[in-house]
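Participant: The following comprises the amino acid sequence and a computationally predicted model.
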Amino acid sequence: MWGRNITPQVVRPVKRLVQRQSAQIVAAMLLSVTLVANLTARAADAKESFVKNCASCHSKDGSAQTPAARKLGVKDLRLSKLTDAEIVLQIREGKLESQKDSKMPAFKDKLTCEEIEGLVTVLKGFREKTANPR
């Protein structure tokens, strides 16, 4: 039978192990909550950056349905096939229409690398909404 073989010498190490593991589980849960909160804040910052820096030409939904977009021939971001690296490069360096005329301004002096990376996520989100309309 179980009950007769369980002694304090057996119980104490098991109890300590359970307490240690419980503390580790709680710490992991707190870390997870902190990471999720941080990612959520970054996503909100990226969306805000898009609205502030990009929406005047690309529209808030990326569809390029603004007067400026129509005048400049801005492309619908929902249909973009650019890779992450190509998106980063275009945001950083802008896009030239000709040797002298800028079609899209460069943002390398206005946005940090982290902000530009956040914009990549926002832009790719427009594609997902088009691919999976609700």
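Facilitator: Nice, thanks for sending it over.
Participant: Where do the strands of this structure begin and end?
Facilitator: 95-96, 102-104 (DSSP state E).
Participant: Looking at these, spot the one closest to Val18.
Facilitator: strand 102-104 (58.8 Å; CB to CB). Every residue, glycine included, has its C-beta placed from N, CA and C.
Participant: Just the mean pLDDT for the closest one, thanks.
Facilitator: Averaged over strand 102-104, pLDDT sits at 75.
Participant: mind checking how far the longest helix along the chain is from the chain centre?
Facilitator: If you go by DSSP state H, the chain has its longest helix at helix 8-53. Chain-centre distance of helix 8-53: 19 Å, with CA atoms, centre = their mean, to the nearest Å.
Participant: Quick check: chain neighbours aside, which residue is closest to Arg127?
Facilitator: Spatial nearest neighbour of Arg127, excluding adjacent residues (CB to CB, 6 or more residues apart in numbering): Arg78 at 5.9 Å.
Participant: for Val51, same thing?
Facilitator: In space, Val51 is closest to Lys60, 6.1 Å off (CB to CB, 6+ apart).
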